[in-house]
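Asker: Quick check, what structure comes out for this input:
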Amino acid sequence: MTNGPNGEHLTWGDALFLYLERAGMPLNIASVSIFDGPISFEECLQSLESKLTLLPRYYQRIVAPPLDIGFPSWEYDPEFDIRNHVRKLTLKRGTERELKMVTGKILSSVMDRRRPLWDLTLVQGLRDSRTALITRVHHCLADGMAGIGLMGTLLDSTPEPQSIPTKKRSHPKLHPQGSWTQLVDGWVASLSEFVQRMLSAQGDMLNFSQNLLASGDWPLSEFSRFFPELTAPTERLFFNKTYRGPQKYAWAQIPLATLKAIRHRCGVTLNDVILALMTATIQRYSEQHGERVRGRLFRMMVPVNFRSRERQDELGNCISLLPVTVPLGIRNPRKLLAAVHERTDFLKRAHIAELVGLVGGIVGSAPAPLQALVGPVASLLPVTPFNLVCTNVRGPQSPLYLLGRKMVDWYPYVPVGGEMALNCAILSYNETAYFGFSSDVHAAPDLECLETLLQTSLSELQSSAGLKPQAKRKHTARKHKAVTAVNRATSASRVVPMKAAHSKSQPTASGEPGTPVFVAAD
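Answerer: All right, here's what the predicted structure looks like:
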């Protein structure tokens, strides 16, 4: 980032998410955390406020220069009030289905750009005395890895709440400038940023060429095989429709040990297993909607984290992407997994992520006013660069706590937009892989079907790999016992028809059962 008269300027990659956002189409990352007990709103507010002092960026808002002559800058909000960012609500029925509906409504709204672009909603009244926390951050402020860092700061690593010394908040005073001065400063900053980006692109091109030659592993034999797939236009699936909103949200979870067992048995990476599962799930979902899958290609945008080990806590976006294109009609799960592995291995050895990042940097050299003008229109164009986003983030593998309450579930969210109106985020936390499905309600009104289809695809992949399907979870057993009890009562009394009794029960998530960045560890 470069310094402006009052703060730092956004990079072109961060600003891009501001420019692409339009009314009714928010571009935020988010997550839903579920804790194992009740949490007081006032105590939660105090805890979050004390830890926010460790995150000065979250006191800052976005300020755009006149005529968008340069990239926006970060400036401290002189009227910052944490109660504008931390809210509470209480569920009426307390079901996870209701929680998903509430989350979908929150995720459908665009945040107020006059304030720092983040908010948290404490959701009380969840069944079994649980509490949920919906965390939302604009994509210009953080990608998936930065979002993990945020939660790591706000939550504790032990049941004993961390004590943060209370400090009086003091921020640099802003120096109001005239419109003409702002215009000139914006032009100078924009020109400086342009020169830096061009020099950086030149250096990146040289480094890319050197690394490519030095690797000695250029996959020439596979290039002719996979290049046609890589360059072929994306074939729309039924959910590739221009985003209209509002949004739906669904989720599922899989033990990480199950995915690792498949990885070891098949000699692939954990990411390959996840991408194969997603491909098989979308295959089923497409056929369920009457789509032909034989002979078709399915293209996923897979973000790749470009942070070094020393920069893991860095804010903003530091990602490139892999265009993973897989035949959608492969029925055999083992063969599908092998096909995914072959393609991801080719993309890695061909340094496609580095190449995409290089091209993106060159495209980002376009003048800021042009990007600001074209951005909101681009999401309305009938263009489908990918069928969906599949982002996979590695989180902490030990529990986190809020005011002594353990976070038992953590479902991720990735935004939808343009003609990518259905996306998926995966987050590994505490030895569980959490899947978060997001969609436009008009593109995928039955999004919750993916919860069941994912589990079906997993069972088939386990069987194909010679592994026993995972045992039913405890909550599944509880549900089975409850249904059995209803059946017995119905059979004994003959008063309430079985169909009527079933219709009164609340639908449950696959997590009961009844996610910007491709960095999950192998």
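
Asker: Residue 277 sits in which helix or strand?
Answerer: Assigned by DSSP states H and E, residue 277 belongs to helix 270-288.

Asker: Just the buried residues of that helix, please?
Answerer: 270-286 (16 or more other Cβ atoms under 10 Å). Using the backbone N, CA and C atoms, a C-beta is placed for each residue, glycine as well.

Asker: for the following helix or strand past that helix, packing partners?
Answerer: Later in the chain than helix 270-288, the nearest helix or strand by DSSP H and E is strand 297-305. Packing partners of strand 297-305 (3 or more Cβ pairs under 8 Å, 6 or more residues apart in numbering; DSSP states H and E): helix 144-154, helix 270-288, strand 319-327, strand 388-394.

Asker: and the next helix or strand after the third one, what does it pack onto?
Answerer: Think strand 319-327. Where DSSP H and E defines the elements, the next helix or strand beyond strand 319-327 is helix 333-349. Counting by 3+ Cβ pairs under 8 Å, 6+ apart, the packing neighbours recorded for helix 333-349 are helix 220-231, helix 256-266, helix 270-288, strand 319-327, helix 449-464.

Asker: closest to residue 75 out of those?
Answerer: Smallest distance to residue 75 across the helices and strands packed on helix 333-349 (Cβ to Cβ): 25.1 Å, for strand 319-327.

Asker: Show me what the closest one is in contact with.
Answerer: Residues from elsewhere that reach strand 319-327 (Cβ atoms under 8 Å, 6 or more residues apart in numbering): 13, 143, 226, 229-230, 232, 275, 279, 295-306, 336, 339-340, 343-344, 347-348, 352-354, 356-357, 360, 386, 390, 516-518.

Asker: Go again with 6 Å.
Answerer: 143, 229, 279, 297-306, 339-340, 347, 353, 356-357, 517 (Cβ atoms under 6 Å, 6 or more residues apart in numbering).

Asker: number of nearby residues for residue 381?
Answerer: 11 (other Cβ atoms under 10 Å).

Asker: Look at it and tell me its secondary structure.
Answerer: Following DSSP: H, G, I helix; E, B strand; the rest coil, residue 381 is assigned to coil.

Asker: Repeat that for residue 116.
Answerer: coil.

Asker: What residue, apart from its backbone neighbours, is nearest it spatially?
Answerer: Sequence neighbours aside, residue 61 is the residue nearest to residue 116 in space, at 5.1 Å (criterion: Cβ to Cβ, 6 or more residues apart in numbering).

Asker: Please enumerate the strands of the stretch 401-522 of the chain.
Answerer: Along the stretch 401-522 of the chain, counting by DSSP state E, counting those that start in this stretch, strands occupy 401-402, 405-413, 422-429, 432-440.

Asker: Select, out of these, the one closest to residue 138.
Answerer: strand 405-413 (12.8 Å).

Asker: Run through who's touching the closest one.
Answerer: 30-37, 39, 251, 399-400, 425, 427, 429, 434, 436, 438, 515.

Asker: Which residue would you name as the spatial centre of this protein?
Answerer: Centroid-nearest residue in the chain, with Cα atoms, centre = their mean: residue 414, separated by 2.9 Å.

Asker: for this protein, what are the low-confidence residue spans?
Answerer: Applying pLDDT under 70 to the chain picks out residues 1-7, 165-220, 306-314, 316-317, 361-365, 470-522.

Asker: For the strands of the stretch 401-522 of the chain, could you give me TSV that also reports mean neighbour count and distance to residue 105?
Answerer: Formatted as TSV, those follow (neighbours: other Cβ atoms under 10 Å; distance: least, Cβ to Cβ, whole Å):
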stretch	mean neighbour count	distance to residue 105
strand 401-402	20	23
strand 405-413	23	13
strand 422-429	27	18
strand 432-440	25	13
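
Asker: May I see the ones you listed organised as a markdown table, with distance to residue 82 added?
Answerer: Formatted as a markdown table, those follow (distance: least, Cβ to Cβ, whole Å):
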| stretch | distance to residue 82 |
| --- | --- |
| strand 401-402 | 16 |
| strand 405-413 | 20 |
| strand 422-429 | 26 |
| strand 432-440 | 26 |
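
Asker: Of the ones you listed, which is nearest residue 124?
Answerer: strand 405-413 (12.0 Å).

Asker: just how off-centre is that closest one within its chain?
Answerer: Centroid separation for strand 405-413 versus its chain: 14 Å, with Cα atoms, centre = their mean, to the nearest Å.

Asker: Check stretch 227-247 too.
Answerer: 18 Å.

Asker: ditto for stretch 221-235
Answerer: That offset, for stretch 221-235, works out to 27 Å (Cα atoms, centre = their mean).
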